[in-house]
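S.K.: dropping a prediction and its sequence here:
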Amino acid sequence: MFRLLFNMERKGFEIKKAVIPVAGFGTRFLPATKAVPKELLPVVDRPALEYIVDECIASGITEICFLIARGKEAIKKHFGTNIELEAQLKSKISREKTDGKNCSETEAFLSKITRYADKVKFVYIMQEEMLGTAKALEICRVFTGDEPFAVLFGDDVMYTGDGKPVTKQLIDAYYATKTPIIGVQQMTDDIAIKCGVLKVADMNGKYIKIAAFKEKPQRHELKNYSNYTSLGRFIITPEVLDCVPQPPMTNGEYYLTDTVTEYMKSAPVYAYDFDGLRYDIGSKIGFLKANIEFALRNNELSIELHEYLTTLK
């Protein structure tokens, strides 16, 4: 069995940076995503992307890079400062206080649109060509530099309740192994063929030493792999990006799995079987499940929604 090192130092770096690739076109949600980025579609009453940003902050991340494409400028507007709206709400609060009215609702609105102001720094990088996840992350080297960093894909919303956020679980796994980390869970074949699957070399509890890594395998290929499936959360080191593949592409893309496979020729990579529920909001059914289940956890909505769902046949 491999030995966990539990050393929080790697060239003196802690993981404080995250990259969130959100440059996809969201074609499965057309026409809704013609003008509105898929990542800003609401899960209950908040854009899905806010759940991912909150996961970053709760994991100790202080800088987030959004990798966007043309037509995704609304993401920058959403997380930026809306001077006019803030001024309007502040003025309304002032009037309500002067008139002796309860201003708590207006203060809550102001808090919601300024909630990230002092918590995290946002950076935006434009992705000109859609060449796959590996090339996307390579573009972000100007942001990540020579530091290890977290990657959170915008299609994956995680729920851990009062438990440790998924990204924090992976960060801790990185500190333990001092290697790149892939967030995985055991999935059905129907999900595995849409993601990346790995072959297990060794295991120690939730830690898995990877023997091989395959993106979007054919169903008949699954017999050569485990059902441990990568689910949109990674810890990447700069050395991994040195291995971004050159042509030829795989299915028209430069896969991150190919990059990791190349890196594994000279150094180990581990996966971590994280705790939590993953919602694939890149699919319509996953998006609907996320809305229903998050609404059922909402104190204002849960009772009425549950009563309504029980009436459905």
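M.R.: Received the coordinates, thanks.
S.K.: how about the helices of the stretch 151-300 of the chain, start to end?
M.R.: 166-177, 189-192, 238-241, 256-263, 284-296 (DSSP state H, counting those that start in this stretch).
S.K.: export those as a markdown table, with columns for mean neighbour count.
M.R.: All C-beta spots, glycine's among them, are computed from the backbone N, C-alpha and C. Formatted as a markdown table, the helices of the stretch 151-300 of the chain follow (neighbours: other C-beta atoms under 10 Å):
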| stretch | mean neighbour count |
| --- | --- |
| helix 166-177 | 23 |
| helix 189-192 | 15 |
| helix 238-241 | 18 |
| helix 256-263 | 22 |
| helix 284-296 | 16 |
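S.K.: among these, which is nearest residue 151?
M.R.: In terms of C-beta to C-beta, the element of the helices of the stretch 151-300 of the chain nearest to residue 151 is helix 256-263, at 8.1 Å.
S.K.: what's the mean pLDDT across that closest one?
M.R.: Mean per-residue pLDDT for helix 256-263: 88.
S.K.: ok, now stretch 220-234?
M.R.: pLDDT averaged over stretch 220-234 gives 89.
S.K.: straight-line length of that stretch, end to end?
M.R.: One end of stretch 220-234 sits 26 Å from the other (C-alpha to C-alpha, to the nearest Å).
S.K.: in it, which residues are buried?
M.R.: 225-226, 228-234 (16 or more other C-beta atoms under 10 Å).
S.K.: tell me the bridge partners for residue 200.
M.R.: residue 210 (DSSP bridges).
S.K.: residues contacting it?
M.R.: Taking C-beta atoms under 8 Å, 6 or more residues apart in numbering, we find residue 200 in contact with 208-211, 226, 228.
S.K.: show me where pLDDT drops low in the stretch 151-300 of the chain?
M.R.: 245-252 (pLDDT under 70).
S.K.: ok, back up a step: from the contacts of residue 200, which is closest to residue 147?
M.R.: residue 210 (22.4 Å).
S.K.: neighbours of that closest one, how many?
M.R.: Using other C-beta atoms under 10 Å, residue 210 has 23 other residues around it.
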